[in-house]
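Engineer: Take a look and give me a structure for this.
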Amino acid sequence: MIATTPRAWPITAPVPDDLRGVWVRTLLQTDTLAEHAGAPPSDTTSWVRWLQTSRWHVDLRVPERALQARHVAPLAQQTPAQLALLAEQQGFTGVTTVETHPTGEVCTWLRHTDFQPPSLHPDAGWLLFERPDRLVEVGIHADYNEVWERLPGSSGCYVALGGLDIDGRDDGRRLLLAGHYLARVRPRQRGWPRGMPPGLSLTEALLTQPERAHDWLDCEISFGTLHEGVWQVERSTLPELDGQALPCQLHRLDARMAGVTLPVRPGAPTEPEAWQILEWDDPEATLG
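Structural biologist: As a prediction, this is how the structure comes out:
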């Protein structure tokens, strides 16, 4: 493993314990969907997962029509029509904060990596628990309601790790674990052009620069389960990873660093890497 000098992330207050785990969105209600031709004002069919640790989150959202036309292959083997559907995916990772007010709790998701271009508004909503494993999110800066239900087996151990480049600097990669569920994030290597106006969707951005499709779509947000040393990928922004089983071990080295053995894709090298510990609530655990 390489010698590292990991970045010291600012400490934020942990979210309430009852918010941790993996949440499935069962309903979205919003007027903005109706602005798109043929789109209904509600959504119950998109594949949506939100993994929340004490401070970090990963969110992945794949529309139904993108699933129906899924071609499990690298981006280079996707047709223009398939690439266009991939551009409709959403996903992000970052730090979560919760503020308590007399009228309820406001949750804010500060995005460090986003599959879509920068938004015009912060991502924040009121949280209302209907029962311990079911909550409603009401948008603050946008008109929407979302219903979330917690997955069984997503509590117990919570880990957040940050990837490091060869010089020991944070490279934006993330591994987040909640119970038996593991999510991986790898940012795109080529960012948005200078002067790009906020509020565009990826679909809109690609209409003006279709030659950037492979660069801008090459952003991984993958979600699956970790059991007996195997990470079973359930869904990814990169279709070639859907359904793949990858060997995975997470081992805490000391208070600041962890060893990670996890190939980028099937058949890739599985040499251990040093990752920075952003959060690890069980000092004795070796996961995999």
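
Engineer: Now for Arg61: which residues touch it?
Structural biologist: Going by CB atoms under 8 Å, 6 or more residues apart in numbering, Arg61 touches Arg25, Ser46, Trp47, Val48, Gln89, Gln90, Gly91. Quick note: C-beta positions are derived from backbone N, CA and C, even for glycine.

Engineer: Count the residues that sit near the fifth one.
Structural biologist: Under the neighbour criterion other CB atoms under 10 Å, Gln89 is assigned a count of 25.

Engineer: Okay, now the unreliable bits of the stretch 51-200 of the chain?
Structural biologist: For the stretch 51-200 of the chain, no stretch has pLDDT under 70.

Engineer: All the strands of it, in order from the start?
Structural biologist: Per DSSP state E, counting those that start in this stretch, the stretch 51-200 of the chain carries strands over the ranges 56-62, 90-101, 104-114, 124-131, 134-139, 144-150, 158-164, 170-178, 181-186.

Engineer: how distant is the helix or strand containing Ala274 from the center of its chain?
Structural biologist: Assigned by DSSP states H and E, Ala274 falls within strand 273-280. Its chain's C-alpha centre and that of strand 273-280 lie 17 Å apart, by CA atoms, centre = their mean, to the nearest Å.

Engineer: Also compute the angle for it relative to strand 90-101, please.
Structural biologist: 30 degrees (axes from the mean of the first three to the mean of the last three CA atoms, to 10 degrees).

Engineer: Sheet-wise, list the partners of strand 273-280 with their directions.
Structural biologist: According to DSSP bridges, strand 273-280 forms sheet pairs with strand 158-164 (antiparallel), strand 257-261 (antiparallel).

Engineer: which parts of the last one are buried?
Structural biologist: Going back to what we said before, that points to strand 257-261. Buried residues in strand 257-261, counted by 16 or more other CB atoms under 10 Å: Met257, Ala258, Val260, Thr261.

Engineer: For the most centrally placed residue in the chain, give its distance to Arg131.
Structural biologist: In the chain, the residue lying closest to the centroid (CA atoms, centre = their mean) is Val58, at 3.0 Å. In this view, Val58 and Arg131 are 24 Å apart by CB to CB, to the nearest Å.

Engineer: Quick check: chain neighbours aside, which residue is closest to Asp114?
Structural biologist: Computed as CB to CB, 6 or more residues apart in numbering, the closest residue to Asp114 that is not its neighbour in sequence is Phe92, at 4.3 Å.

Engineer: now the one you found, which residues is it bridged with?
Structural biologist: Under DSSP bridges, the beta-bridge partners of Phe92 are Asp59, Asp114.

Engineer: same deal with Trp148?
Structural biologist: Beta-bridge pairing for Trp148 (DSSP bridges): Arg25, Leu135.

Engineer: which residues sit against stretch 265-285?
Structural biologist: Contact with stretch 265-285 is made by 1-2, 4, 6-7, 9, 53-56, 157-164, 170, 173, 175, 240-241, 244-247, 249, 252-253, 255-263, as judged by CB under 8 Å, 6+ apart.

Engineer: mean confidence for that stretch?
Structural biologist: Averaging pLDDT along stretch 265-285 gives 86.

Engineer: List the buried residues in it.
Structural biologist: Within stretch 265-285, the residues that qualify as buried are Glu273, Ala274, Trp275, Gln276, Ile277, Leu278, Glu279, Trp280, counting by 16+ other CB under 10 Å.

Engineer: What of stretch 178-193?
Structural biologist: By neighbour count on 16+ other CB under 10 Å, the buried set for stretch 178-193 is Ala178, Gly179, His180, Tyr181, Leu182, Ala183, Arg184, Val185, Arg186, Pro187, Arg188, Trp192.

Engineer: Against Glu228, how distant is the residue nearest to Arg184 when sequence neighbours are not counted?
Structural biologist: Distances taken as CB to CB, 6+ apart put Ser222 closest to Arg184, at 4.8 Å, once the chain neighbours are dropped. In this view, Ser222 and Glu228 are 19 Å apart by CB to CB.

Engineer: Counting neighbours, go ahead and name the busier of those two.
Structural biologist: Using other CB under 10 Å as the criterion, Ser222 and Glu228 rank with Ser222 on top: 23 against 6.

Engineer: Using PDB, write out every CA atom in the helix or strand harbouring that one.
Structural biologist: Following DSSP H and E, one finds Ser222 within strand 220-227. The C-alpha coordinates for strand 220-227 follow below in PDB (Å, rounded to 0.1, in the frame of the first residue of the first chain):
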ATOM      1  CA  GLU A 220     -20.000   5.400 -11.200                       C
ATOM      2  CA  ILE A 221     -22.600   5.100  -8.400                       C
ATOM      3  CA  SER A 222     -23.200   1.400  -7.600                       C
ATOM      4  CA  PHE A 223     -25.400  -0.200  -5.000                       C
ATOM      5  CA  GLY A 224     -25.500  -3.800  -3.700                       C
ATOM      6  CA  THR A 225     -25.100  -6.200  -0.800                       C
ATOM      7  CA  LEU A 226     -21.900  -7.400   0.900                       C
ATOM      8  CA  HIS A 227     -21.900 -10.900   2.200                       C
END
